[in-house]
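J.: compute the structure for the input listed below.
(2 chains)
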Protein chains: 2
Amino acid sequence: MENRKRIVVIGGSAAGPKAAARARRLDQNADIVIIQKGPDFSMASCGYPYYVGGVFDDRCALLSTPTGVIRGPGFFQNAKDIRAIPMTEATLILRDEKAVLCKDLTTGEERRFDYDKLIIATGSKPNMPPIPGIDLDGITTLQSMKDADLLRKIRDEGQIKKAIVVGGGLIGMETCEALNLAGIDITVIEMMDQIMMFMGCELAKLLENHVRSKAAHVITGNGVVEFLGENGKLSGVKLGNGLELPCELAVMAIGVKPNVDLAKRSGIDIGELGGISVDGHMVTSDPDIYAIGDCVEVVNRITGKMTLAPFGDLANLQGRVAGENVILGNTATFPGTIHTSICKVFDFSAGSTGLSESKAREMGYDDIVTVINAGPDKPGFMSGLLLVTKMIADRASGKILGVQCMGPGDVSKQIAQSSIAIQGGLTVDDLVNSDLPYAPPFTLAIDNLISTSHIMQNKIRGYFQGISTTEVKGRLDKGEDLFLLDLRGPDEYEAMRLGVGESLIPLGALRKRLNELPGEKDSEIICFCKISLRGYEGALILQANGWTNVKVMEGGIMAWQFSREK
Amino acid sequence: MENRKRIVVIGGSAAGPKAAARARRLDQNADIVIIQKGPDFSMASCGYPYYVGGVFDDRCALLSTPTGVIRGPGFFQNAKDIRAIPMTEATLILRDEKAVLCKDLTTGEERRFDYDKLIIATGSKPNMPPIPGIDLDGITTLQSMKDADLLRKIRDEGQIKKAIVVGGGLIGMETCEALNLAGIDITVIEMMDQIMMFMGCELAKLLENHVRSKAAHVITGNGVVEFLGENGKLSGVKLGNGLELPCELAVMAIGVKPNVDLAKRSGIDIGELGGISVDGHMVTSDPDIYAIGDCVEVVNRITGKMTLAPFGDLANLQGRVAGENVILGNTATFPGTIHTSICKVFDFSAGSTGLSESKAREMGYDDIVTVINAGPDKPGFMSGLLLVTKMIADRASGKILGVQCMGPGDVSKQIAQSSIAIQGGLTVDDLVNSDLPYAPPFTLAIDNLISTSHIMQNKIRGYFQGISTTEVKGRLDKGEDLFLLDLRGPDEYEAMRLGVGESLIPLGALRKRLNELPGEKDSEIICFCKISLRGYEGALILQANGWTNVKVMEGGIMAWQFSREK
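T.: As a prediction, this is how the structure comes out:
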């Protein structure tokens, strides 16, 4: 056994064990070790919020194989012939000697592991801002099994009544739902003007409305400037605007940063974004050392620029790539990310793939076209549920740059198919005739992705001019006198309406009632309906009758993220 | 209004109204007519089975806009300025005169419509084989609103106790479920050896098992040779094997054929498959006549050959293309189909995109690789449900040729994302690192499509040799003495097992119990587990220990479509 290849993996959460398992499958003879700082391995960390929220009660489910075997040292030894060593911290990589120095956190002993190839999978750590009071008892994160245990205990004990979540990103919103389900009065505090930045502002505001409808509070555009305490225990938070909120628990969820302490200390190159630099094979600046998972920087496949993408699915994929490369040489390549993500937010889902509008502009795409499309995921007679989709395309190439989608409908499918389209470099013209699976229990005859592409094609060709709900509201708020034309029927208008001074002319009567519109043919007229399909048809009629400044309010009332008259 | 373009559309179901609506949006001045043989327009015909089954009760939902307006002549006139003329049959196209002769089916009068551009959307008609007794009372199809009304009435009256469905395709299985929900004892009779040919035999047999578990009967490999009657009323059917089944109702669902009578009579070219020949712009052999929907032949985008694809979603897309082309000239192109379909079958869904294995071979792909992957759609702690997926790839190019998927899990998303991958020409190597939306409420960290691609990549590289459940069972039935190795744990084996003489060695004990395996290193050993992931790992261990003829039974017990011991 002298010639056994020695593979050492530092980190036992998602990426590390995957790399080790892949390496084992490709080399039954290798000597493979996983060094893990904590007590557990292969924790299903994305499942923590659902354990905290009581969606399931068996803590072991987070640590077990599908057949119920705990993924501990015994499992790794027996099933995979991998030595999985818990409670052991890697403290230094002696790169010249190709060895890792570790500290046994139970006994304090130093241990040394020699390697032929080393894989760093040290993950990320939650951002903790240096705010006064941050060390008070009652402030936590939801990043580790220990955090999950603490919050689950809080849920089960039922003593805490008020909590805040700092940060309205993915983990923040999942934590909000979990604590709300636990019966805790919850407020999300987000410093930016919206939650879930990657969703774009319109969709994010619609999500906020939904969260509020579930009796959870959301405060945007405001940050915590101080944690208030009594006897060392959290008693409230003070916001930038002076507001003080009492609370007994605060969960910090303002993102994570790559955990690169070991790599940096060992002289491995760190990138500009603070993650370990790797090439497409996941090789670091040291050719015998690989890095994977939350601790690395990867390529954004759309922009070609480096990015941080701390997601469990990508960690697994990178693990597979590194596991192959340490055994076979650098044969496998990780192509990067397009930042696909999804999140359950109470009865809604919210997902994104590719670039948001603001991200696209920030990345230098200056001739983009965006559309918002609202509509059901299935026919009404099959209990269809609403989807609101925003698509961003590059005008010149027609390539899809990003899709965001949210609502009670089947968001998961929309984002999944959109992500494949973006990865495949598909254009709007490719998507307009997509052959997707259609049957009434699943989707409309024209699936939401296709109808969004139809609208996008129409917009790129200039068949209509869109205006966002945000712009309409902004101009109304400034006191502008807009001519807004609601093209729905009187019954619909009675049941639900914006009530911002709009005129009602049902589409079916429009051709006969053109005299009720502004006489000046260059007057601006903004058409809409429930989802703005009739709004679009109305706009076409007006344009054909000589009006030259007709706009369609995209997504219609379903995309109106502000309060309505009814 | 002298220069109004005259557009005549023959057919008012899916494709025709879509073409008319698109033409209107692009030309507010055109004179647009839809001629419809029956009384209704824009029927949501794919919804018929759900109306028959009682999923919803309002018949009007099949004929209405999402806001509840019946899509009748008044709706078309007011909302779209389109003349929609019901109960009128087009009898002849006078191509030289550019006119359509029609018969008013109410008055018997002849009418004439002059056109500049004509669109034929005459749909399909159900195949009715010339079997003795086919004209008996009690034999119907589920193709028209009238059929749906009849079957719904039968459901509501509750008099009929036994029915058969002839044909186990999409409509056959949907009808089976609908009548079963209506409380009728139902038997599906399929002449081929399996239902749902496009699913491949393994997945189809698993579906059959599910259907049987719902107390519906399925007979394959047998056809109806005679309908038996009493006093002109259906009383039973006689099968090819002599079996007689009593029944009071028979629904014919053995597919449809293009309805090309009018086109043929009018001298328009018909293709080899019996559909109207069109080019990519949906233009027929007459440059002023377009044809769309079920009545045409279209290109299979994978094989490049002509095919029939009578699906409602494609009809809509073709309608949009033709509607644009009659107005703008031939600017829009319909690229063809990849035969994507999906079907709800009781608690399972079954979908397919691209080619099945047998279709691929039939089409001349002689070096294909297939894999079957079974696994949950979500983590167990989020109540994940099983998916069984079959993927077919071209070995040389690595391109995905087809994906079929079935089970209680989220099949719709699997087929949707696979269909985009096939349309985009993506390869296995592209898919192994897909960036898909991951969160526990929706999917696994490694989504089913990605894990299927991983298995496919491993198989293409020769890391393992697969064997199908079909081949294993066939060889067992021939009396071959196979060495089958179940790598699960004893508890799992107690709860569920094949019971075909397999040996049980849990994966975790395999390395220590190699002595229990056949000593001859070239002995065939077939490894499996619940889903054959441990089966794969076991095979790798055996191969590393010198066994040279090790196979993995793909999909494991979850893909075993035959009866089990327990």
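
J.: pLDDT value on the closest residue to A:S42 other than its chain neighbours, please?
T.: Nearest residue to A:S42, sequence neighbours excluded (CB to CB, 6 or more residues apart in numbering or on different chains): A:R71, at 4.2 Å. All C-beta spots, glycine's among them, are computed from the backbone N, C-alpha and C. A:R71 is assigned a pLDDT of 96 by the prediction.

J.: tell me how many other residues crowd A:R71.
T.: Per other CB atoms under 10 Å in any protein chain shown, the neighbour tally for A:R71 reads 21.

J.: from what I can see it touches A:L63, true?
T.: Yes - counting by CB atoms under 8 Å, A:L63 is a contact partner of A:R71 at 6.0 Å.

J.: re the thing from before, residues contacting the residue nearest to A:S42?
T.: Neighbouring residues of A:R71 by CB atoms under 8 Å, 6 or more residues apart in numbering or on different chains: A:P17, A:F41, A:S42, A:L63, A:S64, A:T65.

J.: got it, and A:V218?
T.: A:G168, A:T187, A:V188, A:E190, A:I195, A:E208, A:V211, A:R212.

J.: tell me which residues touch A:D40, please.
T.: By CB under 8 Å, 6+ apart, the neighbours of A:D40 are A:G12, A:L63, A:G72, A:P86, A:M145.

J.: now stretch A:540-548: buried residues?
T.: A:L540, A:I541, A:L542, A:Q543, A:W547 (16 or more other CB atoms under 10 Å in any protein chain shown).

J.: do stretch A:454-462 as well
T.: Neighbour-count burial for stretch A:454-462 [16+ other CB under 10 Å]: A:H454, A:I455, A:M456, A:Q457, A:N458, A:K459, A:I460.

J.: could I get the pLDDT score of the nearest residue to the last one once chain neighbours are set aside?
T.: If I follow you right, that is A:I460. Spatially, and ignoring its direct neighbours in sequence, A:I460 is nearest to A:V369 (5.4 Å; CB to CB, 6+ apart). Per-residue pLDDT puts A:V369 at 97.

J.: go on, A:G275?
T.: At A:G275, pLDDT is 98.

J.: and the closest residue to it other than its chain neighbours, what does it touch?
T.: Using CB to CB, 6+ apart and skipping residues adjacent in sequence, the residue nearest A:G275 is A:E297, 3.6 Å away. Each residue near A:E297 by CB under 8 Å, 6+ apart is listed here: A:P258, A:G271, A:E272, A:L273, A:G274, A:G275, A:I276, A:S277, A:V278, A:M306, A:T307, A:L308.

J.: now for A:M496, how many residues are close by?
T.: 14.

J.: and it, how far from A:R488?
T.: Taking CB to CB, to the nearest Å as the measure, A:M496 falls 9 Å from A:R488.

J.: shared neighbours of the two, anything?
T.: A:K530.

J.: now the common contact residues for A:R71 and A:L63.
T.: With CB under 8 Å, 6+ apart, A:R71 and A:L63 have common neighbours A:F41, A:S42.

J.: what's the burial count for A:G402?
T.: 27.

J.: excluding its backbone neighbours, what's nearest the residue nearest to the spatial centre of chain A?
T.: Geometric centre of chain A, nearest residue: A:S341, 3.9 Å, by CA atoms, centre = their mean. Distances taken as CB to CB, 6+ apart place A:S352 nearest to A:S341, at 5.7 Å, with adjacent residues excluded.

J.: my read: the one you found touches A:F198, true?
T.: Yes - contact criterion CB under 8 Å: A:S352 and A:F198 qualify, at 4.6 Å.

J.: flag every residue of the stretch 451-566 of chain A that's near chain B.
T.: Taking CB under 8 Å from any CB of the partner chain, the part of the stretch 451-566 of chain A that reaches chain B is made up of A:454, A:463, A:488-489, A:492, A:507-509, A:511, A:530, A:534, A:536-537, A:540-541, A:543-545.

J.: mind listing the helices for the stretch 101-250 of chain A?
T.: A:145-157, A:170-181, A:201-213 (DSSP state H, counting those that start in this stretch).

J.: do you know which of those helices lies nearest chain B?
T.: helix A:170-181 (7.8 Å; CB to the nearest CB).

J.: what comes into contact with the closest one?
T.: A:49-50, A:52-55, A:142, A:151, A:155, A:163, A:165-166, A:186, A:188, A:190, A:195-196, A:207, A:211, A:214-216, A:249, A:251, A:253-254, A:341, A:343-346, A:350, B:439.

J.: mind doing that once more with 6 Å?
T.: Contact with helix A:170-181 is made by A:49, A:52-54, A:142, A:163, A:165, A:186, A:188, A:216, A:251, A:253, A:343, A:345-346, as judged by CB atoms under 6 Å, 6 or more residues apart in numbering or on different chains.

J.: between these, which sits nearest chain B?
T.: A:C343 (5.7 Å).

J.: which strand or helix spans that closest one?
T.: In the assignment (DSSP states H and E), A:C343 maps to strand A:341-345.

J.: following element in sequence after that strand, please.
T.: strand A:348-354.

J.: show the average pLDDT along the following helix or strand past that following strand.
T.: Downstream of strand A:348-354, the next assigned helix or strand under DSSP H and E is helix A:357-362. The average pLDDT within helix A:357-362 is 96.
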